[in-house]
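K.L.:
Following is a predicted model, sequence given first.
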Amino acid sequence: MELPGPFPVGHYAKGLQGWMRERPRVQLIGEVTGVGRSRVQAYFELRDTDGAVPCAIWLNDLEKAGLPEGSLRDGAEVVIGGGLDYYPGGGQASPNFCFRATHVRLAGEGDLLARLEALRKQLRAEGLFELQKQLSRPRLPRTIGVVTAESGAARRDLLAGLARRGWAGTVVWAFAPVQDRHAAPAITAAIQGLAARPEVEAIVVTRGGGSLADLWAFCDETLCRTVAMLRVPVVSAIGHERDSTLIDDVAAVCCSTPTHAAEAAVPLDCLDARRDLQRAAGSLRRAGERAVGARARHLAALARGPARALQRERGGLNQKIREIRAASERGLAERARSQRRIAGLVLERARRRGLERAASSREEAARRQASLERGAEAGLRRRREALRKAAVALRAHDPERTLERGYALAESLDGESVTSAVAATAAGDVRLRFADGKVRAAIEAEE
Amino acid sequence: MSEKPESYEVAVERLEEIIDRLDSGHAGLRETLDLCREGRELVNYCAAELDAVGEGLKELKLDDLAARLDSSVDPAGP
């Protein structure tokens, strides 16, 4: 070993004491735990989630601090001022290290806010504020988990908020202390327990109002980191102001009251939703009726179309018939007039022609009369001559004249002429007519 | 649509789409009837969801649930 020494330990201990006392004096803030008192001093640990320092204060310094009686107790948030100290001990006494406080006061709002702001800055830088806000929240969860104090008013207010929503699902309560140094771990465990239940769709963390010191558990770094990493949305409603605690920053939604938290956990107003649903059902029913009814009416109208068209055509035809009839009547009258006029003209022309023809006929008759009269005499003479010639010719052919010349005429018994041998043979008996009389004769066949 | 909707909000969103489409008057007869049928199914689903959270508040304690879970997995339990 190439180290300096060895030095006597007592000498080194005194050197250590001197070195520590030369360290800069500072203020520390934290929660007091393990308070004890000796005859001359009070001792305690100052602690937060990251660590602790053993502290001691001389009783006379404590008295000078003027703290209210009993305020230096476990759980108190205090600010102490002082520096490092080291008691080197001795041959019989044990050495001891402590932060020697010379001043002490209860932590104020400002101190807590400063701590809160530092933590807030750190968590924001790590992106932990955004994780929960990216989760989708069901509008109508069936089951919600709630972390709160069993006896607090927050529980009652939350139920009132749920009732106002018309929501009556399942609430899983995870009761936890909400104000002391045991609160943060208990709340963290409760939230984790609820998140492990698959039926829990949203978690509400709530407590009533108080000072920042009262609400300090909800600024716990471990608690807030746990909430940030959950896959179930967390609704926070701590105190009466939003964004006062760190859990408000990391939660999916932060609210100012438990009532509002209930509404955030169940975003859907079930009463409104039922009305909306009825309206939607009505819209659907009307749309269906419209779609079918309107088309049915249209079809019915179309079906009536041909009848209407026929009616229209019939009406048009009737009108035309009336017009034609009227026109016809007008035409007939006109035609009658025209025909009468024409007939008059024709008659007049016929009468004239008749008169002319009559006159002409009379002249013709007169002419014919004269001609007849002229031709009558010559005609008479010609006819008389012809008659005479005919009488001569007739006489030449008269059978009587032939009989007179010695011929006989064969006749059947009933008077018919027998003009052939065949006829005479057939008749058998004949009558022969001579110029001077008749005789019967029998016909014999020629041998 | 014959599948169960993913969630109440998905069902409501689809229902609003359907009503908007029907109100637009652009849907033909076949589409209208299909949309009406799908809409009625969505309305029934949503009504059932509302009924599920409307039949009376039920309050449980996480500790009791945890104890019940422990007893159900403990073979020596009751």
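P.N.:
Good, I have the coordinates.
K.L.:
Now do the contacts for the closest residue to residue A:183 other than its chain neighbours.
P.N.:
The shortest distance from residue A:183 to any non-neighbouring residue, by CB to CB, 6 or more residues apart in numbering or on different chains, is to residue A:217 (3.5 Å). C-betas here are computed from N, CA, C, even on glycine. Counting by CB atoms under 8 Å, 6 or more residues apart in numbering or on different chains, residue A:217 makes contact with A:178, A:179, A:180, A:181, A:183, A:184, A:187, A:223.
K.L.:
What separation do you get for residue A:217 and residue A:51?
P.N.:
18 Å (CB to CB, to the nearest Å).
K.L.:
got the residue ranges for the helices in chain B?
P.N.:
B:8-24, B:29-52, B:62-73 (DSSP state H).
K.L.:
Least confident of the ones you listed, on average?
P.N.:
The minimum mean pLDDT among those belongs to helix B:62-73 (a mean of 74).
K.L.:
about what we covered before: mean neighbour count added to the helices of chain B, as TSV?
P.N.:
Putting the helices of chain B into TSV (neighbours: other CB atoms under 10 Å in any protein chain shown) gives the following:
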stretch	mean neighbour count
helix B:8-24	17
helix B:29-52	17
helix B:62-73	13
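K.L.:
Quick one: neighbours of residue A:378, just the number.
P.N.:
9 (other CB atoms under 10 Å in any protein chain shown).
K.L.:
pLDDT (mean, whole number) over the longest helix along chain A?
P.N.:
Identified as the longest helix of chain A according to DSSP H is helix A:270-396. For helix A:270-396, the mean pLDDT works out to 82.
K.L.:
How about stretch A:427-435?
P.N.:
Averaging pLDDT along stretch A:427-435 yields 86.
K.L.:
what about residue A:72, distance to chain B?
P.N.:
35 Å (CB to the nearest CB, to the nearest Å).
K.L.:
and that residue, how many residues sit next to it?
P.N.:
Per other CB under 10 Å, the neighbour tally for residue A:72 reads 19.
K.L.:
again, but for residue A:269
P.N.:
Neighbours of residue A:269 (other CB under 10 Å): 16.
K.L.:
If you drop the residues flanking it in sequence, what lies closest to it?
P.N.:
residue A:165 (5.5 Å).
K.L.:
Ignoring the adjacent residues along the chain, who's closest to residue A:230?
P.N.:
residue A:195 (5.0 Å).
K.L.:
next one: residue A:439
P.N.:
residue A:432 (5.3 Å).
K.L.:
Distance of that neighbour relative to residue A:417?
P.N.:
From residue A:432 to residue A:417 the distance is 12 Å (CB to CB).
K.L.:
Give the residues shared as contacts by the two.
P.N.:
Listed contacts common to residue A:432 and residue A:417 are A:409, A:410, A:411; contacts here mean CB under 8 Å, 6+ apart.
K.L.:
how about a markdown table for the residues you listed, with secondary structure and pLDDT added?
P.N.:
Listed next are these as a markdown table, based on DSSP: H, G, I helix; E, B strand; the rest coil; pLDDT from 0 to 100:
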| residue | secondary structure | pLDDT |
| --- | --- | --- |
| A:409 | strand | 84 |
| A:410 | strand | 87 |
| A:411 | strand | 87 |
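K.L.:
How about the contacts made by residue A:73?
P.N.:
A:32, A:35.
K.L.:
ok, 6 Å please
P.N.:
Contacts for residue A:73 were tallied using CB atoms under 6 Å, 6 or more residues apart in numbering or on different chains; they are residue A:35.
K.L.:
Would you mind measuring from it to chain B?
P.N.:
With CB to the nearest CB as the criterion, residue A:73 and chain B are 30 Å apart.
K.L.:
Name the helix or strand for that residue, please.
P.N.:
According to DSSP states H and E, residue A:73 maps onto no helix or strand at all.
K.L.:
roughly how far apart are it and residue A:36?
P.N.:
The spacing between residue A:73 and residue A:36, counted by CB to CB, is 11 Å.
K.L.:
Over to residue A:101?
P.N.:
Remark: distance between residue A:101 and residue A:36 (CB to CB) = 14 Å.
K.L.:
Same check on residue A:89?
P.N.:
Residue A:89 is 19 Å from residue A:36, by CB to CB.
K.L.:
With neighbour numbers in mind, choose between those two.
P.N.:
Ranked by neighbour count (other CB under 10 Å), residue A:89 and residue A:36 place residue A:89 first, with 13 against 10.
K.L.:
Could I get the pLDDT score of the closest residue to the more buried one other than its chain neighbours?
P.N.:
In space, residue A:89 comes closest to residue A:95 once its chain neighbours are excluded; the distance is 3.7 Å by CB to CB, 6+ apart. The per-residue pLDDT reported for residue A:95 equals 93.
K.L.:
Ramachandran coordinates for residue A:95?
P.N.:
Residue A:95 has phi and psi values of phi -70, psi 160 when expressed as degrees, to the nearest 10.
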